[in-house]
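Asks: no sequence for this one, just the structure:
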């Protein structure tokens with residue numbers, strides 16, 4: 001009897017290897033799935049690009065990205081109207097008004113310093129305005145408080161120190177409505193209301209409730225409807 005022979009051997013053959021543990025099989029299938037899903041998303045994105053965006057201008061491509069708020073026609077039309085209203089390199093104070101939601105998609109003010117450059121935009125408690133969704137309600141609440149005389153004087157002094165001659169009051173909502181935005185200019189008798197430049201031809205319906213159809217929808221995860229109440 002050879003040394004290889006033993007109680008579990010058959011005809012002197014080697015012992016069959018045991019199947020891999022269940023955890024290893026699950027890990028293998030997970031790796032395969034994680035490799036396939038990015039490839040499928042890339043295929044979906046490439047197909048959407050060729051069907052929707054290929055051969056179009058930058059403005060037309062941006063309008064097709066329906067999940068990107070600051071590319072929507074209502075906002076891009078507003079930026080154009082604001083730029084044609086303000087003098088070059090104006091300094092503007094942003095004030096949120098009529099808050100109806102604290103959803104992340106309602107933070108339109110975050111895009112102004114970039115997309116309305118070279119105009120400069122300021123706001124009170126800027127760390128809260130550009131912080132997390134925990135800070136955002138605090139920023140809105142701060143603007144709803146009534147300031148005392150001493151605070152108002154300090155606030156006005158800070159505005160003058162920064163050379164701010166404009167105030168832009170933006171309603172807080174998921175849908176952007178340029179018709180509800182209020183623009184004020186410092187005048188001899190205080191802050192005076194100023195109308196925005198009219199929309200360009202073809203952009204008259206940019207403030208309609210109906211969103212553009214077609215295009216690529218990249219959902220940000222926020223609700224589409226506006227909840228009632230502040």
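Replies: Okay, I see it. All figures in this text were calculated on a predicted structure; none of them were measured in a lab.
Asks: wait, is residue 87 part of a helix?
Replies: No - the assignment for residue 87, made by DSSP: H, G, I helix; E, B strand; the rest coil, is coil rather than a helix.
Asks: okay, it: pLDDT?
Replies: Looking at residue 87, its pLDDT is 94.
Asks: tell me how many other residues surround it.
Replies: Counted with other C-beta atoms under 10 Å, the neighbours of residue 87 add up to 9. To be clear about C-beta, it is placed using only N, CA and C from the backbone, and glycine gets the same treatment.
Asks: mind checking how far it is from residue 196?
Replies: To residue 196, residue 87 is 14 Å away according to C-beta to C-beta, to the nearest Å.
Asks: any residues in contact with both of those two?
Replies: Counting by C-beta atoms under 8 Å, 6 or more residues apart in numbering, no residue touches both residue 87 and residue 196.
Asks: do a quick rundown of the strands in this structure.
Replies: Using DSSP state E, the strands of the chain run over 91-97, 120-122, 166-171, 182-187, 190-194.
Asks: CSV please, covering the ones you listed and showing distance to residue 134.
Replies: Formatted as CSV, the strands of the chain follow (distance: least, C-beta to C-beta, whole Å):
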stretch, distance to residue 134
strand 91-97, 16
strand 120-122, 22
strand 166-171, 21
strand 182-187, 28
strand 190-194, 32
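Asks: nearest to residue 153, of the ones you listed?
Replies: In this view, those are compared for proximity to residue 153 by C-beta to C-beta, and strand 190-194 is the closest at 14.6 Å.
Asks: what's the closest one packed up against?
Replies: Helices and strands touching strand 190-194, by 3 or more C-beta pairs under 8 Å, 6 or more residues apart in numbering; DSSP states H and E, are strand 182-187.
Asks: for this structure, which segments count as helices?
Replies: 22-48, 58-64, 73-85, 112-115, 126-129, 135-144, 149-161 (DSSP state H).
Asks: these: which one's closest to residue 177?
Replies: Closest among these, using C-beta to C-beta: helix 73-85, at 7.1 Å.
Asks: roughly how far is the closest one from the heart of the chain?
Replies: Chain-centre distance of helix 73-85: 17 Å, with C-alpha atoms, centre = their mean, to the nearest Å.
Asks: next, the buried residues of it.
Replies: 73, 74, 75, 76, 77, 78, 79, 80, 81, 82, 83, 85 (16 or more other C-beta atoms under 10 Å).
Asks: one more: stretch 27-47?
Replies: Buried residues in stretch 27-47, counting neighbours by 16+ other C-beta under 10 Å, are absent.
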